[in-house]
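Visitor: have a look at this prediction, sequence included:
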Amino acid sequence: MKLTNPQLVHAVVVLIARDHPVAAGCLTAGMTLFSGSIYALTLNPEKFRFMGPVTPLGGLFLIAGWAALAFGKGPVASRRGF
């Protein structure tokens, strides 16, 4: 079973959610903080040790972005007609 790259999935969702600024902003910040801190820790764990606590913060931004997209009042095609 092959898993997809979560960063790629979130990038597509940001493109879909570009009309919802809160969700897009949270998802972009979450991808940057989460993935960026993991990349930095992988490249040089000693130099970027301070980035360790940033990873969960990025995860919280990702969760907030998904929640804003799911529960927000952004423009959704099915809501326009009602």
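Guide: Thanks, I have it. Quantities reported herein were computed from a predicted structural model and do not represent experimental measurements.

Visitor: state the distance from Leu43 to Gly36.
Guide: 11 Å (C-beta to C-beta, to the nearest Å). In short, each C-beta sits where N, CA and C put it, glycine included.

Visitor: where along this structure do the helices fall?
Guide: 6-16, 21-43, 54-71, 77-80 (DSSP state H).

Visitor: can you flag the weakest of the ones you listed by average pLDDT?
Guide: Lowest mean pLDDT of these: helix 77-80, a mean of 52.

Visitor: show me the contacts for the closest residue in space to Gly59 that isn't next to it in sequence.
Guide: Spatially, and ignoring its direct neighbours in sequence, Gly59 is nearest to Phe34 (5.6 Å; C-beta to C-beta, 6 or more residues apart in numbering). Residues near Phe34 by C-beta atoms under 8 Å, 6 or more residues apart in numbering: 55, 58-59, 61-62.

Visitor: give me the buried subset of these.
Guide: 55, 58, 61-62 (16 or more other C-beta atoms under 10 Å).

Visitor: what's the closest of the residues you listed to Val14?
Guide: Among those, Leu62 lies closest to Val14 (C-beta to C-beta), at 10.8 Å.

Visitor: ok, that closest one to Ala68 distance?
Guide: Taking C-beta to C-beta, one finds Leu62 at 11 Å from Ala68.
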